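In: Let me see the structure of the following:
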Amino acid sequence: MWLLDEPHAGLDASGRDTVDGRSPLPTPTPAPRTRVVHGGHVAFVPMAEIDRALVTGRTEGFLKLIVGPRRLTPNLAGGRILGATVVAPRAGEILHEIALAMRAGLFPARVALTVHAYPTWSTAVRQAAAQLFMDVNGRHAEPARTDGHLATP
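Out: Numbering: from 1, shown residues only. Below is the predicted model:
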């Protein structure tokens, strides 16, 4: 499952948020190759680091959060959320928070500071957003690759 909001690249992102309920999960495919503007970051959280996944024994998968600068305040409070890739057993329960943050124009800092119920799958979103500001489980958001494509773990 992936979601993308990139109005300036001429890419039609409509209809790209899908839920695939197959189990076991299909082999993860790379996120769509999309251009990330200079100054963008990619946060990566494996489901094996999410307590809810550990409790249920479903640790396969990951969440990738893609963030870029805003126009007037480039990286203030983390910039803006451009999209995400979620490959996880409960991806449909995770992606809605990212879609809402994108639609409402929330700063990633607001997502990182929002109290999440514990343990839930959506804590992956909080951890990914927090990586923009600090190390989380030894991970920090990586800059987007210089060739304009998304970094991959």
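In: Show the residue spans covered by the strands in the protein.
Out: For the chain, applying DSSP state E gives strands covering 2-4, 41-46, 62-68, 80-87, 142-143.
In: what's the third one in contact with?
Out: Outside strand 62-68, the residues within contact range by Cβ atoms under 8 Å, 6 or more residues apart in numbering are 4, 28, 31, 36-37, 39-47, 78-88, 94, 98, 108, 124-125, 128-129, 131-132, 141, 144, 150, 153. Bear in mind the C-beta positions are built from the backbone N, C-alpha and C, glycine included.
In: Filter those down to just the buried residues.
Out: Buried positions within the contacts of strand 62-68, assessed by neighbour count (16 or more other Cβ atoms under 10 Å), are 4, 31, 36, 40-47, 78-88, 94, 98, 108, 124-125, 128-129, 131-132, 141, 144, 150.
In: where are the low-confidence patches of the protein?
Out: In the predicted model of the chain, residues 1-38, 74, 146-153 satisfy pLDDT under 70.
In: try 50
Out: Filtered on pLDDT under 50, the chain yields the residue ranges 1-15, 27-34, 148.
In: Pull out the buried residues from the lengthiest helix in the chain.
Out: Looking across the chain with DSSP state H, the single longest helix is helix 91-104. Going by neighbour count (16+ other Cβ under 10 Å), the buried part of helix 91-104 is 91-92, 94-95, 97-98, 101-102.
In: got the angle for that helix vs strand 62-68?
Out: In terms of direction (axes from the mean of the first three to the mean of the last three Cα atoms, to 10 degrees), helix 91-104 departs from strand 62-68 by 10 degrees.
In: And helix 91-104, what does it pack against?
Out: strand 2-4, strand 80-87, helix 108-113, helix 123-130 (3 or more Cβ pairs under 8 Å, 6 or more residues apart in numbering; DSSP states H and E).
In: got a markdown table for those, with distance to F62 too?
Out: What follows is these, written out as a markdown table (distance: least, Cβ to Cβ, whole Å):
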| stretch | distance to F62 |
| --- | --- |
| strand 2-4 | 12 |
| strand 80-87 | 6 |
| helix 108-113 | 17 |
| helix 123-130 | 8 |
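In: so which of the ones you listed comes closest to V55?
Out: Smallest distance to V55 across the helices and strands packed on helix 91-104 (Cβ to Cβ): 11.6 Å, for helix 123-130.
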